[in-house]
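Undergrad: I'd like to go over a predicted model; first the sequence, then the structure.
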Amino acid sequence: MSSSHPRPPAEVMAPWRIPLGADLAAHVTRAEALYVQLATVRADGRPANRTLVFRGFLSGDRLAFITDLRSDKVAELACHPFAEACWYFPEARVQWRLLGEAQCLSEEGPELQHARSRWWRERDEAARRSFAGPRPGARRAEDEAFAVEAPVIPPAHFGLLVLAPDMVERLDLRATPHRRERWHADEYSWQAQRLNP
């Protein structure tokens, strides 16, 4: 993923990964803890927001999500490649915001090919069948159009949405006053800063 914004080398793990990993681990029994809201910008400049399921990290501290490459967010990111993910862990009362460039990819290099294949295999039959149906967001098709068999191999439009954050914030609402921290990337490292909540 080429970026017009500075990013540390991929082998330098971002310091925000440790507290985010701890928040994820604290919610490991709650499936909804993997739900992330992702905001993009429509071609007309208006915001668009939806919920995605976090699938894991790729090299360079990139967050990965599954997407149908026929969906509206793909066109939105082609026009405006920036997105912000917002995560809220209700038990911990912690919010995360991750801002950066996002791309929707089918296959690009061995890491993405491996991740794409693995996450396709992990999909149940109903989830795989959804990628054989009509295009998401189009006018509602007849019910027969959804009566399809689940593909064995991933179709070309089964892709990954990859977010490469260059600014990350964590807001801890448990403390009084609340604690807010920001990490900002430059071309060499991540810089941390405490903020007023």
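TA: Received it, and whenever you're ready, just let me know what you need. Numbers count the residues shown, from 1 in each chain.

Undergrad: For G159, give me its contacts.
TA: G159 makes contacts with I66, T67, D68, L69, V74, C104, L105, S106, R116, as judged by CB atoms under 8 Å, 6 or more residues apart in numbering. C-beta coordinates here come from the backbone N, C-alpha and C atoms, glycine included.

Undergrad: repeat that for 6 Å
TA: T67, L69, C104, L105, S106 (CB atoms under 6 Å, 6 or more residues apart in numbering).

Undergrad: Look up which residues are beta-bridged to the first one.
TA: On the basis of DSSP bridges, T67 takes part in beta bridges with G159.

Undergrad: burial count for P155?
TA: Around P155 sit 15 other residues, with neighbours defined as other CB atoms under 10 Å.

Undergrad: doesn't F131 make contact with it?
TA: Yes. Using CB atoms under 6 Å, P155 makes contact with F131 at a distance of 5.5 Å.

Undergrad: picking up where we left off before, kindly indicate which of the contacts of G159 lies nearest Q37.
TA: Proximity of the contacts of G159 to Q37 (CB to CB) peaks at T67, which lies at 14.4 Å.

Undergrad: Can you show me the helices along the chain?
TA: The residue ranges that make up the helices of the chain, judged by DSSP state H, are 17-26, 72-79, 109-122, 125-130.

Undergrad: Just send those back as JSON lines, with distance to V41 too.
TA: As requested, these are arranged in JSON lines below (distance: least, CB to CB, whole Å):
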{"stretch": "helix 17-26", "distance to V41": "25"}
{"stretch": "helix 72-79", "distance to V41": "6"}
{"stretch": "helix 109-122", "distance to V41": "24"}
{"stretch": "helix 125-130", "distance to V41": "26"}
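
Undergrad: Quick one, which of those helices gets closest to V168.
TA: Go through these one by one with CB to CB and the one that ends up closest to V168 is helix 17-26, at 8.0 Å.

Undergrad: contacting residues for the closest residue to R50 other than its chain neighbours?
TA: With sequence-adjacent residues excluded and distances taken as CB to CB, 6 or more residues apart in numbering, R50 is closest to L38, at 6.0 Å. When contacts are counted by CB under 6 Å, 6+ apart, L38 touches L52, A83, A85.

Undergrad: Kindly provide the distance from the residue lying farthest from the centre of the chain to A127.
TA: Among residues of the chain, the one most distant from the C-alpha centroid is E144; the distance is 31.7 Å, by CA atoms, centre = their mean. To A127, E144 is 20 Å away according to CB to CB, to the nearest Å.

Undergrad: what do you get for R179?
TA: In this structure, R179 and A127 are separated by 38 Å, where distance is defined by CB to CB.

Undergrad: re earlier: what sits opposite the residue nearest to R50 in the beta ladder?
TA: Taking DSSP bridges, one finds R50, A85 as the beta-bridge partners of L38.

Undergrad: ok, the nearest residue to L77 once chain neighbours are set aside - how many residues close by?
TA: Counting by CB to CB, 6+ apart, the nearest residue to L77 once its immediate chain neighbours are dropped is A102, at 5.3 Å. A102 has 26 neighbouring residues, counting by other CB under 10 Å.

Undergrad: Hmm, A102 is touching A164, no?
TA: No. Taking contact to mean CB under 6 Å, the distance of 7.4 Å between A102 and A164 leaves them out of contact.
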